[in-house]
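Novice: Turn this into a model:
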Amino acid sequence: MTANPSRPPLASGALDRDAPTRLSPDLLLDAWHDPAAKLLRVRGIEIPVIAAGDDVRLAWVPTSGAPRAAIAASDDASGPQDESESDIAESAVTDVYLGRIDGAPIFARIVPAATAAALSDAETGIDGGSLNADPQGERWTHPFVVGANLSEAEREAVGVASALLRWHEAAAYSSRDGERTLAIQGGWARVDAHGGEHFPRTDPAVIVLIEHGDRVLLGSNALWEPGRFSLLAGFVEAGESLEQAVQREVFEESGVRLGEITYVTSQPWPFPRSLMLGFRARLAQDADPETLVPDVTEISELRWFTRGELREPDESLTLPMPLSIARWMIDRWVAEGDADPAPSAA
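Specialist: Numbering: from 1, shown residues only. Below you'll find the predicted structure:
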C-alpha cells in the first residue's frame, strides 16, 4: 500500500506538487480546462470514495465551469478592494490546485454538507444521489477509515487538500491587521490589502519510540477507549529544539528521563496542520524502567510491550491506525526483531 516503504504513509512524495503551475495564472487556467483535470470534493473532513472490497479509490469528478478565486486570480493583484459582506465571506472559499497524478492536474473544493448530495451535473459531472452512495457506488467517509487502502498519490492528495482547505477557512482575515485577505497561487497563499503574503501554518510535533532492551514504552491517552496504545508525542514549544521537546514531552507524560535520542523521519499529518517528527530514544543510564509516572491529565496508562506482544496483539490491545507514523515506527521496530539472527546453541 505504501509506494516507498522507507517512508511513512503520506510522506513518499508520490504526488507531483507542480509548483510552477500554481505560480502562473495562465498555467493554472490551462490546467483547470485540461480534459484530464479532476476535482476532489471535501465535505468537512469527509471525502468521497468508490470501494469494491479492498480496492478503494477517490471519487474524482471532472472540472467544469469557472474555477473559484485562487485559480482565476491574477498574480499582479494589488490587494483586496472594498466589497460587500457576502463577498468578504466568500473570500475564504476557493478551489485549490493540488498538483498532478500521472500527469493529470488535480484540484480540490469544499462542498457544504447540505448540498454535497445534490450538486448538479454541471457542477460535478455526476449525479448526486444520497450522501452515502450514488449509482456509481460513491460514498462519503473519513480519510482515516480508508486512507491506508488508497494509493499513495491519492492519500497524499487528500492530505494536501485537507491542509489547504482548512487553512483557507481560518485565514479570511489577516493576523497582522485584521483586514481581509484573498487567495492566490492556486490556493497556496493569500494576500492582504497591503500586498503582504500569508502562507499555510504547520505545527511541528515530536513522536518518540522509547526502547529499553527488547521492550518499547507505549501510552494510552486519557481520551481514548481502554486498551488503545501508541507512542508518546507532543507539540514543540516556542524557542525549543526538537531534542528538547522530546526530553520534555516524555518526562511530562511518563516521568522518564532519556539518554540517547535519534531522529528517524517525518510525516505530514495535515488534519488539519501538524508535522510529525519521529525519534527513537533510550532511557538514561540511571533511569529505572519500572518507575513510570503518567501525567493523569493526558495519560491513563503506561506499559512496556515486547515485540511478541505487538507482533500478534490480543483482543484487549488496539494499536495505532496503519496510516500513522506511530504504527509505521512500531511495525519497523517489531520487524527489526524478526530480522535478528537466532541465538547460537552455545
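Novice: Tell me which stretches of the stretch 51-200 of the chain form helices.
Specialist: Using DSSP state H, counting those that start in this stretch, the helices of the stretch 51-200 of the chain run over 69-72, 85-90, 121-124, 143-146, 152-170.
Novice: Of these, give the one that comes closest to Ala14.
Specialist: Nearest to Ala14, of all those, is helix 152-170, at 4.0 Å by C-beta to C-beta. Glycine gets a C-beta too; all of them are placed from N, C-alpha and C.
Novice: What are the buried residues along that closest one?
Specialist: Counting neighbours by 16 or more other C-beta atoms under 10 Å, one finds that the buried residues in helix 152-170 are 152-168.
Novice: list the contacts for Glu243?
Specialist: Ile261 (C-beta atoms under 8 Å, 6 or more residues apart in numbering).
Novice: And the host helix or strand of it, how far out from the chain middle?
Specialist: Per DSSP states H and E: Glu243 is located in helix 242-254. Per C-alpha atoms, centre = their mean, to the nearest Å, the displacement of helix 242-254 from the mean C-alpha position of its chain is 23 Å.
Novice: Tell me the first helix or strand C-terminal of it.
Specialist: Downstream of helix 242-254, the first helix or strand assigned by DSSP H and E is strand 258-269.
Novice: Show me what that following strand is packed against.
Specialist: The contact analysis (3 or more C-beta pairs under 8 Å, 6 or more residues apart in numbering; DSSP states H and E) places strand 258-269 against helix 152-170, strand 203-212, helix 242-254, strand 274-283, helix 325-339.
Novice: show me what contacts the nearest residue to Leu317 once chain neighbours are set aside?
Specialist: Of all residues not flanking Leu317 in the chain, Gly227 sits nearest, at 5.8 Å (C-beta to C-beta, 6 or more residues apart in numbering). Applying C-beta under 8 Å, 6+ apart, we find Gly227 in contact with Ser220, Ser316, Leu317, Thr318.
Novice: now with 10 Å?
Specialist: Residues near Gly227 by C-beta atoms under 10 Å, 6 or more residues apart in numbering: Ser220, Glu301, Pro313, Asp314, Glu315, Ser316, Leu317, Thr318, Leu319.
Novice: Please report the distance of it from Trp140.
Specialist: In this view, Gly227 and Trp140 are 29 Å apart by C-beta to C-beta, to the nearest Å.
Novice: Mind listing residues that contact stretch 287-303?
Specialist: Contact with stretch 287-303 is made by 210, 212-213, 215-229, 232, 234, 249, 251-259, 283, 304, 309, 317, as judged by C-beta under 10 Å, 6+ apart.
Novice: 7 Å - rerun?
Specialist: 212, 217-222, 229, 252-257, 283, 304 (C-beta atoms under 7 Å, 6 or more residues apart in numbering).
Novice: and what of stretch 267-280?
Specialist: Residues outside stretch 267-280 that contact it (C-beta under 7 Å, 6+ apart) are 8, 10-11, 159-160, 162-163, 166-167, 200-209, 211, 242, 246, 261-266, 325, 329.
Novice: tell me how far the ends of it are from each other?
Specialist: For stretch 267-280, the first and last residues are 15 Å from each other (C-alpha to C-alpha, to the nearest Å).
Novice: Run the chain-centre distance for it.
Specialist: From the chain centre to the centre of stretch 267-280 is a distance of 7 Å (C-alpha atoms, centre = their mean).
Novice: Go through that stretch and flag the buried ones.
Specialist: Neighbour-count burial for stretch 267-280 flags 267-274, 276-280 (criterion: 16+ other C-beta under 10 Å).
Novice: Check which residues of the helix holding Glu243 are buried.
Specialist: The neighbour-count check on helix 242-254 (16+ other C-beta under 10 Å) flags Ala245, Val246, Gln247, Glu249, Val250, Glu252, Glu253, Ser254 as buried.
Novice: How much space separates the fourth one from Ile207?
Specialist: Distance, Glu249 to Ile207, by C-beta to C-beta: 9 Å.
Novice: and for the two, which residues touch both?
Specialist: Common neighbours of Glu249 and Ile207 (C-beta under 7 Å, 6+ apart) are Ala233.
Novice: give me the beta-bridge partners of Arg43?
Specialist: Note on Arg43: beta-bridge partners Glu46, judged by DSSP bridges.
Novice: Hmm, Trp140 and it touching each other?
Specialist: Yes. Using C-beta atoms under 7 Å, Arg43 is in contact with Trp140, at 6.1 Å.
Novice: and the nearest residue to Ala183 once chain neighbours are set aside, how many neighbours?
Specialist: In space, and not counting its chain neighbours, Ala183 is closest to Ala70: 3.6 Å by C-beta to C-beta, 6+ apart. Per other C-beta atoms under 10 Å, the neighbour tally for Ala70 reads 26.
Novice: what's the pLDDT at Ala70?
Specialist: pLDDT for Ala70: 82.
Novice: need the contact list for Thr63.
Specialist: Thr63 makes contact with Trp32, Ala37, Lys38, Leu39, Phe107, according to C-beta under 7 Å, 6+ apart.
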